[in-house]
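Student: Could you look at this predicted model? Sequence included:
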Amino acid sequence: MVLWAGRFKKEVDENVNAFNSSISFDARMYKQDITGSMAHAKMLEKQGIINKQALSEIQKGLTDILNELENGTLEFDYNAEDIHMFIESELTKRYPISGKKLHTARSRNDQVALDLRLYTRDEIKEIKEMLISLIEVIVKTALKHTNTIMPGYTHLQRAQPITFAHHLMAYSEMFYRDICRLDDCYKRVNISPLGSGALATTTYPIDRMMSAKLLNMDDITHNSLDGVSDRDYAIEFANDLALIMMHLSRFSEEMILWCSWEFKYIELDDAYATGSSIMPQKKNPDIAELVRGKSARVINHVSSLLTMMKGLPLAYNKDMQEDKEALFDAIDTVKLCLPVFTDMIKTMRINKDKMKEAAAKGFINATDCADYLVKHGLAFRDAYKIVGQLVAYCIDNDFVLETLPLHIYKDFNEIFDETIYDAISLETCVNNRLVDGGPAKEMVEKSIAIMKQKIGEIK
Ligand code: ARG
């Protein structure tokens, strides 16, 4: 018999029961549901709404249920409507009188809103840790490659020389912003809706701040309709997760390019690549491809959540039960991707020679060649034109700027002398970019130090 049996003359149709039920996916919030109920019960007792005996039986019952669920001696009943109903009826089976008192001054509407906030709060913490580990691996790898020259690209065309450290550190900036976004989201998550009731609070003299404090929450929601029907925090979190996936996906795309024969900048460890069932020469970057592929579902969950919410009148509507699968899948996907991706980066081998070779072939020092002329008195636009002609000459005659003889340079402009070769050496091009945020070894080391400090502060 279901808990609302009084109003109904018939049992719910079996198909409707299955259709309505959310326990198959919300069972994962059992711990948060129990934690929330514990705080609620303590508050009820303190306010004189339930007595000491009821509180101690509720506490004992909930503790046992939690332990039994964790050690596998109690199984979820998948015929229950949801995790909240399951735990309450399990408690009532054990303590029929006290168990029935737990739901005083509470509704499943504020209960589920609380549980999802507590669940999100826990997940934010875990995902933050994973992002920190990824940044640490990036920083460690970058420190070894502040002299590893590679082409920097725009439009995927070789543009100007940078170092592998500089390129990698760009991703640490993205993941650091992801951490900051999670921290910010946490502020809006960690607020208690408990006591909002079904929609209009309750007539019992509850103390909402007390239960919030017991749950280590920073505040309470200040409108009961909003308290039960706000899912902004879930959408915000999903959006933060989508950004993480977008960053991982861009990084994956580069890994995929870099381990192709066309680039060969890196080689994946055998443990993080797969072979082909037919082509013996293949070593495929499946992990990076899957991360890139999985970003799609997380991005789409944001849109599902927004679309699910956008037409709902206040306050709670059952549509909102649909928030969980979207949010949970977004969380699971990110948590699945981050550790494998981190290990893939940690174990990859870097082919410095290939990077250098690519950097030496693409005329990526052309800007520096033009700057050389500017430093000798030419206007930038004139210098730009001369170097354009030089590059065209090199391409036609199988030279690069480094190998072009001085007398030919002089044919284009008399200003050129033997110092041009040092001015356009890739090392000079990189290390003369002594601007904050730039690729010079000194500057990358500075940004690494700043990142290390920021990570140290949040750890
Ligand atoms: N399983 C429901 C959900 O996830 C819990 C709240 C149900 N409330 C209600 N009035 N039917 O949204």
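Tutor: In hand now; what should we look at?

Student: Flag every residue of the protein that's near the ligand.
Tutor: Residues of the chain lying near the ligand by CB under 6 Å from any ligand atom: 22, 26, 82, 108, 109, 112, 316, 318, 320, 321. (Glycine included, C-beta is placed from N, CA and C.)

Student: All the strands of the stretch 251-400 of the chain, residue numbers only.
Tutor: Taking DSSP state E, counting those that start in this stretch as the test, the strands found in the stretch 251-400 of the chain are 266-267, 349-350.

Student: of those, which approaches residue 223 most closely?
Tutor: strand 266-267 (52.9 Å; CB to CB).

Student: In the chain, where's the longest helix?
Tutor: helix 108-143 (DSSP state H).

Student: Off-centre distance for that one?
Tutor: Its chain's C-alpha centre and that of helix 108-143 lie 8 Å apart, by CA atoms, centre = their mean, to the nearest Å.

Student: Can you tell me what sits against whichever helix or strand comes after it?
Tutor: Where DSSP states H and E defines the elements, the next helix or strand beyond helix 108-143 is strand 149-154. Strand 149-154 has contacts (CB atoms under 8 Å, 6 or more residues apart in numbering) with 158-164, 166-167, 265, 355-356, 358-359, 362, 364, 426-427, 430, 439.

Student: quick one: contacts for the residue nearest the centre of the chain?
Tutor: With distances taken as CA atoms, centre = their mean, residue 244 lies nearest the centre of the chain, 3.3 Å away. Residue 244 makes contact with 127, 131, 175, 178, 298, 334, 338, according to CB under 8 Å, 6+ apart.

Student: so what's the third one scoring on pLDDT?
Tutor: The predicted local distance difference test score for residue 175 is 98.

Student: any idea how far it lies from residue 225?
Tutor: 37 Å (CB to CB, to the nearest Å).

Student: about what we covered before: pick out whichever of the contacts of residue 244 sits closest to the ligand.
Tutor: residue 298 (20.7 Å; CB to the nearest ligand atom).

Student: what's the neighbour count on the closest one?
Tutor: 26 (other CB atoms under 10 Å).

Student: related to what we said a few turns ago, can you put the strands of the stretch 251-400 of the chain in CSV and add mean pLDDT and mean neighbour count?
Tutor: Below are the strands of the stretch 251-400 of the chain laid out as CSV (pLDDT from 0 to 100; neighbours: other CB atoms under 10 Å):
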stretch, mean pLDDT, mean neighbour count
strand 266-267, 96, 18
strand 349-350, 97, 14
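
Student: coming back round to it: report the angle between the axes of whichever helix or strand the residue nearest to the centre of the chain is part of and strand 149-154?
Tutor: Applying DSSP H and E as the criterion places residue 244 in helix 232-258. Interaxial angle, helix 232-258 versus strand 149-154 (axes from the mean of the first three to the mean of the last three CA atoms, to 10 degrees): 120 degrees.
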